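Enquirer: Any chance you can model this:
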Amino acid sequence: MNDGVNGVALGVFIFFFLAVTVMGFLAARWRRADSDSLDEWGLGGRSFGTWVTWFLLGGDLYTAYTFVAVPAAIYAAGAAGFFAVPYTILVYPLIFTFLPRLWSVSHKHGYVTTSDFVRGRWGSKGLSLAVAVTGILATMPYIALQLVGIQAVLDVMGVGGGESTHWFVKDLPLLIAFGVLAAYTYSSGLRAPALIAFVKDTLIYIVIAVAIIYIPIKLGGFDDIFAKAGDALAQINPATDKPRGALAPAEAGQWGYATLALGSALALFMYPHSITATLSSRSRDVIRRNTTILPLYSLMLGLLALLGFMAIAAGVKVKNGQLAIPQLFENMFPDWFAGVAFAAIGIGALVPAAIMSIAAANLFTRNIYKDFIKPDATPAQETKVSKLVSLLVKVGALAFVLTMDKTVAINFQLLGGIWILQTFPSLVGGLFTRWFHRWALLAGWAAGMIYGTAAAYGVASPTQKHFGGSSAEIPGFGEIGYIGLTAFVLNVVVTVVLTFVLRAVKAPEGVDETSPSDYTADAGDPDVKTELPSATAGAGH
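Expert: Sure thing, here's the model as predicted:
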């Protein structure tokens, strides 16, 4: 670790940070229409084309945490960390089947959030509330981890002093970054991260392209990298009395690897920020085109993951694995290019953090504030509340990062993945059928949430007694698997069984405000709404 400040790297980092800050504020004037509409502030006017949506989704899904944590997982445990690559490959054929349908029905009825759709489809504010609360809970630690990514870069550059430094001085750079992020998100809404995503993704592609060529040359080639990584991972970890990891997953870990990849693929587009970026596009064809070109990011992710092996081969030693890749860049790159790499990670945190805070704020505004507190809220009032809540969400994430150990944030993010997967039956199921009963869906959600939380609570690690991971024994199989997928299966079973029961006793099903043609409607079709629904839309469901 650097004992002093890397002035050159810091200077380059500040240059790019200031550039995207200016872009963030200028974005307020980009294609802006009615500033009092949540469609404008929270969804960019639903006007983004193929490339803007591609960069926005890429900036949304491939975050600073991805940049830091995926290779860090490989640095710590070996090839098990590559699960992120197959799950991002699995997810795109999956979303091709349902995202265009979600875009169409949302555009037709002016839905802003997934909970808006759930309320309209199933006629249940209770189910809508469950989906909204789950989305907010799952998003908060995700935002916190973006701030952890910025903090890792600042630590490696030597900014803020050591652990003995006064907390305010130590965390001042992070507080400044947070303040700038909050200001331009409040001012420009979704347009800010959409514009900044161009810079973020360009920098990341440049850094990875250089790293994948330059670092192996300095380390003697990939043969030496894999040989050194294999030897290091084979060493026994005193805490577990087992090898640190492996270059390929052992047979005993294959169930965990496969279920984690599948469960993560099912969960990725359940996150509110993924849907917010999706609904900002101007047509269903934009969505379909994006599902075919987004796999380019999976190629980038595979190359990015190799940096974990390079960090081992380069002899990087850090107590916190999240610092491994920033430290690798610090050690291997010239100072000026290390600054470019750090800027890529830092900006890679700002883009998703902005989208996530907007998505969480929209959920609160549309599905808690409007549905339960002020049903007659005007579009201007909705937008004002959403802007304020987006600030509160960021403050909460910042407090989380500054007051808790980083492993707590990581574990809560893992728990968030388990939780958000439980909204899949209500959302994706509703896009294709109305056979499920709304009360059965709510009971299935509750069963999955309770089981998933309890199972994760019981997982221990060498450093903590509870919430030490996201894998546990699958009941009845005797294999270790992803808790989220097991909870999801329980969720579906409870939903199906109770649907049969509730239909048999003719329990009231609620009113469906959608029609079959809504799911294939496009922007140019007649009677497609382009504004928010009226204050009374969906009332009484």
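
Enquirer: all strands of this structure, in order?
Expert: Secondary structure of the chain (DSSP state E): strands located at 236-237, 242-243, 471-473, 480-482.

Enquirer: The first one packs against which elements?
Expert: Applying 3 or more CB pairs under 8 Å, 6 or more residues apart in numbering; DSSP states H and E, one finds that strand 236-237 contacts strand 242-243. (Glycine included, C-beta is placed from N, CA and C.)

Enquirer: which residues are contacting the strand it packs on?
Expert: Identification of contacts with strand 242-243 by CB atoms under 8 Å, 6 or more residues apart in numbering yields 233-237.

Enquirer: picking up where we left off before, so which of the strands of the chain is nearest Ala79?
Expert: Within the strands of the chain, the stretch nearest Ala79 is strand 242-243; the backing value is 12.3 Å (CB to CB).

Enquirer: circling back: quick one: the contacts of strand 242-243 as CSV, columns for pLDDT and distance to Ala69 too.
Expert: Below are the contacts of strand 242-243 laid out as CSV (pLDDT from 0 to 100; distance: CB to CB, whole Å):
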residue, pLDDT, distance to Ala69
Leu233, 87, 18
Ala234, 85, 23
Gln235, 86, 22
Ile236, 81, 25
Asn237, 75, 19
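
Enquirer: who wins for most neighbours among those?
Expert: Highest neighbour count within these: Leu233, with 21 neighbours (other CB atoms under 10 Å).

Enquirer: quick one: low-confidence parts of the stretch 251-400 of the chain?
Expert: Within the stretch 251-400 of the chain, the segments meeting pLDDT under 70 span 252.

Enquirer: hey, which of the strands of the chain is tucked in deepest?
Expert: Sort those by mean neighbour count, taking mean count of other CB atoms under 10 Å, and strand 480-482 sits at the top with a mean of 24.

Enquirer: That one: partners in the sheet, and parallel or antiparallel?
Expert: Strand pairing for strand 480-482, using DSSP bridges, gives strand 471-473 (antiparallel).

Enquirer: ok, residues contacting the partner strand?
Expert: 256, 259-260, 455-456, 458-459, 479-483, 486.

Enquirer: what do you get if the cut-off is 10 Å, keeping everything else the same?
Expert: Contact with strand 471-473 is made by 253, 255-257, 259-260, 414, 452, 454-456, 458-459, 479-486, as judged by CB atoms under 10 Å, 6 or more residues apart in numbering.

Enquirer: ok, Leu10 to Gly339 distance?
Expert: 7 Å (CB to CB, to the nearest Å).

Enquirer: Please enumerate the shared neighbours of the two.
Expert: The contact lists of Leu10 and Gly339 share Met157, where a contact means CB under 10 Å, 6+ apart.

Enquirer: which of those two has more neighbours?
Expert: Here Leu10 and Gly339 are set side by side on neighbour count (other CB under 10 Å), and the busier one is Gly339, at 26 against 19.

Enquirer: Find the nearest non-adjacent residue to the more buried one, please.
Expert: Of all residues not flanking Gly339 in the chain, Val12 sits nearest, at 2.7 Å (CB to CB, 6 or more residues apart in numbering).

Enquirer: Over to Ala194?
Expert: Spatial nearest neighbour of Ala194, chain neighbours left out: Leu56 (4.8 Å); criterion: CB to CB, 6+ apart.

Enquirer: show me the contacts for that neighbour.
Expert: 44, 48, 190-191, 193-198, 201, 276-278, 280-281, 290, 351, 355.

Enquirer: Of all residues in this protein, which one is nearest the centre?
Expert: With distances taken as CA atoms, centre = their mean, Leu61 lies nearest the centre of the chain, 5.5 Å away.

Enquirer: so that residue makes contact with Thr276?
Expert: No: counting by CB atoms under 10 Å, Leu61 does not reach Thr276; the two are 11.8 Å apart.

Enquirer: okay, and the common contacts of those two?
Expert: With CB under 10 Å, 6+ apart, Leu61 and Thr276 have common neighbours Ile355.

Enquirer: buried sites along the lengthiest helix in the chain?
Expert: Longest helix of the chain, by residue count under DSSP state H: helix 125-157. Residues of helix 125-157 classed as buried under the neighbour-count rule (16 or more other CB atoms under 10 Å) are 125, 127-157.

Enquirer: hmm, back to that, how about the strands of the chain, which one is nearest Leu99?
Expert: Closest to Leu99 of the strands of the chain is strand 480-482 (CB to CB; 23.0 Å).

Enquirer: tell me the mean pLDDT over that closest one?
Expert: The average of the pLDDT scores along strand 480-482 is 91.

Enquirer: Quick check, Ile212 in contact with Phe309.
Expert: No: the criterion here is CB under 10 Å, and Ile212 misses it with Phe309 at 11.4 Å.

Enquirer: For the two, work out which one has more neighbours and name it.
Expert: Phe309 (26 against 17).

Enquirer: How about the more buried one, nearest residue that isn't a chain neighbour?
Expert: Spatial nearest neighbour of Phe309, chain neighbours left out: Ala229 (4.2 Å); criterion: CB to CB, 6+ apart.

Enquirer: One more: Leu441?
Expert: Using CB to CB, 6+ apart, the closest residue to Leu441 is Ser426 (4.9 Å).
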